[in-house]
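Take this sequence and fold it.
(2 chains)
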Amino acid sequence: MRAVDSASDDLGRRDPRTFQGRRAGLVSRVAAAFLDVLVVALIVTGIYLAFVALVFAVSPGTFKPSTLPNWVLIPLTGLVALAYLTQGWSGTGRTYGCSLMGLRVVDRGGNKPRLRRSFLRAGAYVVFPAGLIWVAFSATNRSLQDILVGTYVVYDWAPHEPTVSR
Amino acid sequence: MILPVRLLDRLATHVVRRTVDVVLDRLDLTRIVLERVDVARVVDAVDPDPVAARVDIDAIIARIDLVGIAQMIVDEIDLPGIIRGSTTSMASESVTGIRLQSAAADERLNELMSRLKLRRRTDARVPPSLPAASDGGRDAGR
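Have a look, this model is predicted:
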């Protein structure tokens, strides 16, 4: 117990390498998720602006800028998030937010999740993002989505080193 | 009487000139000055201000390719590289700081949740590294 407390007190002064391969907690993961939300918002904004520019180019005379209706905006945001998260996790195990916060998604074997698992995980986050909060209650720092698809999120601050140590 | 005096005077002048010329030709005046003259004292005695006041600095600057010199210096010291390196270093330190603080906050939150009995206490000293096969069962039981 005392050892746990002292270990916790030392965290602020620790070498970043001591975190390598350990499971990430809620604060880091929420920060990464927040950055990913920003990225998705930027992509959706870019798509909207491109669409508006296309409409203006086709019929400049009758062009009238308008906001996207919810029945377009919500599915579009969901699809963009699904594609962005799936690509990030299956490609490198990291989205942009994960990369900045030094996190990596791994499967049970410590490898980056495959496409199917990444897609399911992304879908679970798009449908029920609040599942991330379970990290705070899980003794193994896993979200509901992690438990559902069999993944873990570890600190990985050294991108060129092995993701986790056995 | 006047004529011989003038003649003698011209003759003497000629002889002296020739003699001085011959003597000077055989002497290494530069070496003598270097060996026998205290140049530092001479320089100290000279007031440079009147000389400097007569120098047209603008004309000198106009003849210098300042842009070329500046470009050459920048190329030599790789200024863009230094700026790039320092910026990258600062950004990297900031990111490391944010990550460290987040990781510390993660641990504090875990500790708090454990104290509130909302989470099973885990030993923070042991890096879990790879998830063990039994981990899923722990969460499933909650």
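
Identify the residue of chain A closest to chain B, quick one.
Sorted by distance to chain B under C-beta to the nearest C-beta, the residues of chain A start with A:Gly25, at 2.5 Å. For glycine as for every other residue, the C-beta is placed from the backbone atoms N, C-alpha and C.

so what's that residue scoring on pLDDT?
We have a pLDDT of 93 for A:Gly25.

distance of the nearest residue to it once chain neighbours are set aside from A:Arg29?
Distances taken as C-beta to C-beta, 6 or more residues apart in numbering or on different chains put B:Asp106 closest to A:Gly25, at 2.5 Å, once the chain neighbours are dropped. Distance from B:Asp106 to A:Arg29, counting by C-beta to C-beta, to the nearest Å: 8 Å.

just A:Thr45 next, same as before
The span separating A:Thr45 from A:Arg29 equals 24 Å under the rule C-beta to C-beta.

the more surrounded of these two?
Neighbours were tallied for A:Thr45 and for A:Arg29 using other C-beta atoms under 10 Å in any protein chain shown; the higher tally belongs to A:Arg29 (25 against 10).

Identify the residues contacting that one.
A:Arg29 makes contacts with A:Met101, A:Leu103, A:Leu132, A:Val135, A:Ser143, A:Val153, as judged by C-beta atoms under 8 Å, 6 or more residues apart in numbering or on different chains.

among those, which are in reach of chain B?
Residues shared between those and the neighbourhood of chain B are A:Met101 [C-beta under 8 Å from any C-beta of the partner chain].

Columns pLDDT, secondary structure and neighbour count on top of the contacts of A:Arg29, output as JSON lines?
JSON lines is the format used below for the contacts of A:Arg29 (pLDDT from 0 to 100; DSSP: H, G, I helix; E, B strand; the rest coil; neighbours: other C-beta atoms under 10 Å in any protein chain shown):
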{"residue": "A:Met101", "pLDDT": "93", "secondary structure": "helix", "neighbour count": "30"}
{"residue": "A:Leu103", "pLDDT": "93", "secondary structure": "strand", "neighbour count": "25"}
{"residue": "A:Leu132", "pLDDT": "96", "secondary structure": "helix", "neighbour count": "19"}
{"residue": "A:Val135", "pLDDT": "94", "secondary structure": "helix", "neighbour count": "28"}
{"residue": "A:Ser143", "pLDDT": "95", "secondary structure": "coil", "neighbour count": "29"}
{"residue": "A:Val153", "pLDDT": "93", "secondary structure": "strand", "neighbour count": "27"}
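
farthest-separated two in the contacts of A:Arg29?
The most widely separated members of the contacts of A:Arg29 are A:Met101 and A:Ser143, with 14.8 Å between them, by C-beta to C-beta.

Surely A:Val154 touches A:Ala24?
Yes - in terms of C-beta atoms under 8 Å, A:Val154 counts as a neighbour of A:Ala24; the distance is 6.3 Å.

Mind listing the shared neighbours of the two?
With contacts defined as C-beta under 8 Å, 6+ apart, the residues shared by A:Val154 and A:Ala24 are A:Leu103.
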